[in-house]
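J.: sequence below, structure please.
(one chain, ligands or ions: 4)
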Amino acid sequence: MLNIDLHCHSTISDGTLTPEEVAQRAHAAGVDVWALTDHDEIDGVARARSAARALGMRHVGGVEISVTWAGKTVHIVGLQIDDTNAILKQGLIETRTGRQARGRAIAAELATVGIADAYEGALKFVANPDMMSRTHFARYIVELGICRDIPDVFNHYLSEGKAGYILHSWARLSDAVGWIRGAGGIAVIAHPGRYQFNDVAFGAFFDEFKQLGGTAIEVVTGSHTPDQYPYYAQVANRYGFLASRGSDFHGPLESRIDFGVLPPLPANVKPVWHDWF
Ligand code: AMP
Ligand code: MN
Ligand code: MN
Ligand code: MN
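T.: Numbers count the residues shown, from 1 in each chain. Ligands and ions are numbered 1, 2, ... in the order given. Below you'll find the model as predicted:
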């Protein structure tokens, strides 16, 4: 059986390894088919493709787009995208705009709870200045010794309702799905188990995503707990979604799940890659 990992990050967004290093790590862990899915940026895709080719690993063009739906942030992964598509590129530029101003606002909020100079501190961890993310703030706060690890920083400072959280408007769901489809790609709901929706909101979200032409959902991901795998397999079947699998790897010391250790998809779902090979 092929080991397929369709969700991870590099220094192009909030990962700690370069696209080439991520490719090597995935390959070394036994991944056969791999997509790099950086947040709101596809500059790493060509590098990922070359690195994968050099290693003899199959590569799939990917991205993870930040979306605001019903006032909440959700993530939509695009797979099999053409990374030269001009409309997708422009859409991602617009989605990224405002990350630096948001970073300033996060830093100002953190200063009110005694964490000074967080903008400059976070910036030390940023490789791509357009893609300043909460993860970079989290790394700085861990470095300061204020929190023991990144999830701890999110729990205390960076999640919704916490001191350093800044409400931000990302892309529209219709735009994100449209850009992905326009670039020849498949739109996938990333880590649904992380969203704080009630059943009614989840139903509306899945229905709207499907109406827009979204076709897949992550079932096995490093962002889900094992009990969520069978649950989202059922959801996939109920809505007629294809199922995806990916580690959501961000870095060797940070990720809940490294490459090559997630279980396969449950047997009762149709994989998003069912017609790729
Ligand atoms: P941003 O796009 O700047 O809002 O940052 C979102 C990123 O923060 C996600 O892609 C994750 O990498 C990270 N993140 C969000 N919530 C958590 C959490 N509870 N624990 C660890 N990382 C998180
Ligand atoms: Mn991330
Ligand atoms: Mn995500
Ligand atoms: Mn991700």
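J.: how about the helices in this structure?
T.: Taking DSSP state H as the test, the helices found in the chain are 19-28, 45-55, 86-96, 99-112, 118-123, 134-143, 150-153, 173-182, 199-211, 228-239.
J.: out of the ones you listed, flag the one nearest ligand 4.
T.: helix 134-143 (9.8 Å; C-beta to the ion). In this view, the C-beta of every residue, glycine as well, is placed from N, C-alpha and C.
J.: got the angle for the closest one vs helix 99-112?
T.: Per axes from the mean of the first three to the mean of the last three C-alpha atoms, to 10 degrees, the angle that helix 134-143 makes with helix 99-112 is 30 degrees.
J.: for the stretch 151-277 of the chain, which residues are neighbours of ligand 4?
T.: Asp248 (C-beta under 5 Å from the ion).
J.: which single residue of the stretch 151-277 of the chain ends up nearest ligand 3?
T.: Ala190 (4.7 Å).
J.: count of residues packed around that residue?
T.: 23 (other C-beta atoms under 10 Å).
J.: and for Arg181?
T.: By other C-beta under 10 Å, neighbour count at Arg181 equals 18.
J.: from here on, call the first residue 50.
T.: OK, 50 is where the count begins now, so the last one is Arg230.
J.: ok, the closest residue to it other than its chain neighbours - contacts?
T.: In space, and not counting its chain neighbours, Arg230 is closest to Gly262: 5.3 Å by C-beta to C-beta, 6 or more residues apart in numbering. Neighbouring residues of Gly262 by C-beta atoms under 8 Å, 6 or more residues apart in numbering: 226-227, 230, 236.
J.: of the residues you listed, which is the nearest to ligand 1?
T.: Nearest to ligand 1 out of the contacts of Gly262 is Ala236 (C-beta to the nearest ligand atom; 17.5 Å).
J.: for the stretch 150-299 of the chain, which residues are neighbours of ligand 3?
T.: So the stretch 150-299 of the chain meets ligand 3 at Ala239 (C-beta under 5 Å from the ion).
J.: would you pull up the residue in the stretch 150-299 of the chain closest to ligand 4?
T.: Counting by C-beta to the ion, the stretch 150-299 of the chain gets nearest ligand 4 through Asp297, at 4.5 Å.
J.: can you tell me which residues in the stretch 50-199 of the chain are near ligand 1?
T.: With C-beta under 6 Å from any ligand atom as the criterion, the stretch 50-199 of the chain comes near ligand 1 at residues 63, 88, 115, 182-184, 199.
J.: redo those residues as CSV? Include pLDDT.
T.: Below are those laid out as CSV (pLDDT from 0 to 100):
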residue, pLDDT
Asp63, 98
His88, 98
Ser115, 98
Ser182, 98
Arg183, 98
Thr184, 98
Ile199, 96
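J.: can you tell me the closest non-neighbouring residue to the residue in the stretch 100-249 of the chain that ligand 4 sits nearest to?
T.: Going by C-beta to the ion, ligand 4 is nearest to Glu113 of the stretch 100-249 of the chain, at 4.9 Å. In space, and not counting its chain neighbours, Glu113 is closest to Thr86: 4.4 Å by C-beta to C-beta, 6+ apart.
J.: residues in contact with that neighbour?
T.: So Thr86 contacts 55-58, 111-113, 126-128, 295 (C-beta under 8 Å, 6+ apart).
J.: cool, Gly127 as well?
T.: Here Gly127 is in contact with 86, 111-114, 137, 225, 228-229, 232, 234-237 (C-beta under 8 Å, 6+ apart).
J.: which members of those define the maximum pairwise distance?
T.: The distance between the two most remote of the contacts of Gly127 (C-beta to C-beta) is 14.9 Å, for Leu137 and Val237.
J.: so between the two, which is more surrounded?
T.: Val237 (29 against 25).
J.: hey, what's the more buried one bridged with?
T.: Val126, Ala265 (DSSP bridges).
J.: relative to ligand 1, how far out is it?
T.: Using C-beta to the nearest ligand atom, to the nearest Å, we find Val237 at a distance of 15 Å from ligand 1.
J.: who's in contact with that residue?
T.: 55, 125-128, 263-267, 293, 321.
J.: start to end distance for stretch 225-241?
T.: Distance between the two ends of stretch 225-241: 16 Å, counting by C-alpha to C-alpha, to the nearest Å.
J.: how about it: buried residues?
T.: 225-230, 232, 234-241 (16 or more other C-beta atoms under 10 Å).
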